[in-house]
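A predicted structure for the sequence below; I have some questions about it.
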Amino acid sequence: MNKFWQKVAENGKGERNLAILGIGTVTIAIVLTIVNIWIYQTDGTIQLDLSRPGYEPENIEAEEERGTWSATGDLSRESVDEFLVIWDAENKRIRGDIFRAAPLSDESLGIRTEELEEE
Amino acid sequence: MKKILVILVGLPVVMAVMMTGSVLAINETIENSVVDNCVGIKAQIRRLQISDANSRIALGRSYDRISGELMTNFNTRAEINGQKNEELIRLAREFTRFAQFFRESYRQYDNEIGRVLSIDCVVRPSAFYAGLERLRLLRAGVRGNSDAIIEITNMFREEVETAFGGGDE
């Protein structure tokens, strides 16, 4: 490594500048990569990334066609009913046993909380 | 109503934060059980993390659609037709706010899962169980936010029916 720097010093500015360019480029790339990974982890993007190893979608459901309701038009009884049909269909998706306590209970995880009585 | 929702949602999160770093004094039965079943417990938590990630994405998609398309479009159409409804506009704002709370609470919950999974439950069963307790509180917070969002959508639907006469007669 010392011989390299000696050669650079002997041969003058050209090679020195090239070395500085190379080192500078690599350093900037490393810094930007670190910043990107930090942002990826802290802003919550990582939690939406199902391409992580082990994170494959449990069910690949066919994407149902979801109705649309335009921002323009009248507010007749018919159009409001149409809206409510689409509304109810979408709202069905956000209900159900989501994030319930049971999966993390002692019982579900197989953690005994009391000594088993010996017979 | 708003205060009650904020308290219901915020309380589990505050309690979880207060528990950060603390180690519960757990009884010997629990400690032995955690040590004996360490691998199995962690495997279950990992499976739950993946399942929750799928739920999070599906919910996020629905929340975006409900807020960005359905609520916005309805309120816009109401305004165009000269029937602007302040209550519906307020509910749309509340929905957006609680959707943001949901995202943030999920982010904290998911980070905590990672932290708990990094604890060696054979060497530190008490710390692991304390982490599990925090996780339960944070999960309750996520659930609270999703329940609050459901409540807001119920109110929105009710107001649409009342003000615009939609739904079953």
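Done, it's in. Predicted, not measured: the structure shown is a model, and the values here were computed from it.

Now for B:I30, how many residues are close by?
Neighbour count for B:I30, taken as other CB atoms under 10 Å in any protein chain shown: 19. In this view, the C-beta of every residue, glycine as well, is placed from N, C-alpha and C.

quick one: low-confidence parts of chain A?
Along chain A, the parts satisfying pLDDT under 70 run over A:1, A:8-12, A:44, A:47-48, A:50-65, A:115-119.

Pick out the residue of it closest to chain B.
Here chain A gets closest to chain B at one residue, A:V80, 3.3 Å apart by CB to the nearest CB.

Where do the helices of the chain begin and end?
Unless you meant another one, I'm taking chain A. Assigned by DSSP state H, the helices in chain A fall at A:2-11, A:13-42, A:77-92, A:106-109.

that's the wrong chain, I meant chain B
Going by DSSP H, chain B shows helices at B:2-19, B:28-36, B:38-65, B:72-80, B:86-117, B:125-164.

what comes up buried for the second one?
Going back to what we said before, that points to helix B:28-36. Neighbour-count burial for helix B:28-36 flags B:I30, B:E31, B:S33, B:V34, B:D36 (criterion: 16 or more other CB atoms under 10 Å in any protein chain shown).

Quick check: which of the residues you listed are also close to chain A?
B:I30, B:S33, B:V34 (CB under 8 Å from any CB of the partner chain).

Tell me which of the helices of chain A sits most buried.
helix A:77-92 (a mean of 16; mean count of other CB atoms under 10 Å in any protein chain shown).

got the angle for that one vs helix B:72-80?
Put simply, helix A:77-92 runs at 150 degrees to helix B:72-80, going by axes from the mean of the first three to the mean of the last three CA atoms, to 10 degrees.

Determine the angle, from 0 to 180 degrees, between helix A:77-92 and helix B:125-164.
170 degrees.

contacts for helix A:77-92?
A:66-69, A:73, B:62, B:65-66, B:70, B:74, B:150, B:153, B:157, B:160-161, B:164-167 (CB atoms under 8 Å, 6 or more residues apart in numbering or on different chains).

Distance check, B:E161 against A:D81.
Plainly put, B:E161 is 10 Å away from A:D81 if you go by CB to CB, to the nearest Å.

just B:Y63 next, same as before
Applying CB to CB to B:Y63 and A:D81 gives a distance of 24 Å.

Give me the below-cutoff pLDDT ranges for chain B.
For chain B (pLDDT under 70), the answer is B:1-25, B:166-169.

before we move on, back to that, just the closest of the buried residues of helix B:28-36 to B:D120, please.
B:V34 (10.9 Å; CB to CB).

Run a quick neighbour tally on the closest residue to the closest one other than its chain neighbours.
Sequence neighbours aside, B:P125 is the residue nearest to B:V34 in space, at 4.1 Å (criterion: CB to CB, 6 or more residues apart in numbering or on different chains). Neighbours of B:P125 under the rule other CB under 10 Å: 22.

Assess the claim that B:P125 and B:N27 are in contact.
No. Using CB atoms under 8 Å, B:P125 makes no contact with B:N27, being 11.0 Å away.

Distance to A:F99 for the ones next to chain A among the buried residues of helix B:28-36 - can I get that in TSV?
Compiled in TSV, those are given as follows (distance: CB to CB, whole Å):
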residue	distance to A:F99
B:I30	24
B:S33	25
B:V34	23
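
picking up where we left off before, could I get the helices of chain A as TSV with distance to B:V142?
TSV is the format used below for the helices of chain A (distance: least, CB to CB, whole Å):
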stretch	distance to B:V142
helix A:2-11	56
helix A:13-42	18
helix A:77-92	18
helix A:106-109	17
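
Stretch A:93-102: end-to-end distance?
20 Å (CA to CA, to the nearest Å).

Can you pull out the residues in contact with it?
Against stretch A:93-102 from outside (CB under 8 Å, 6+ apart): A:108, B:52, B:55, B:58-59, B:62-63, B:66, B:136, B:139-140, B:142-143, B:146, B:149-150, B:153.

Now which of the residues you listed would you call buried?
Using 16+ other CB under 10 Å as the burial test, the contacts of stretch A:93-102 include B:52, B:55, B:59, B:62-63, B:66, B:136, B:139-140, B:142-143, B:146, B:149-150, B:153 as buried.

ok, and of these, which contact chain A?
Of the residues in these, proximity to chain A by CB under 8 Å from any CB holds for B:52, B:55, B:59, B:62-63, B:66, B:136, B:139-140, B:142-143, B:146, B:149-150, B:153.

Can you pick out the most distant pair from the buried ones among the contacts of stretch A:93-102?
Among the buried ones among the contacts of stretch A:93-102, B:I66 and B:R136 lie farthest apart (CB to CB), at 28.0 Å.
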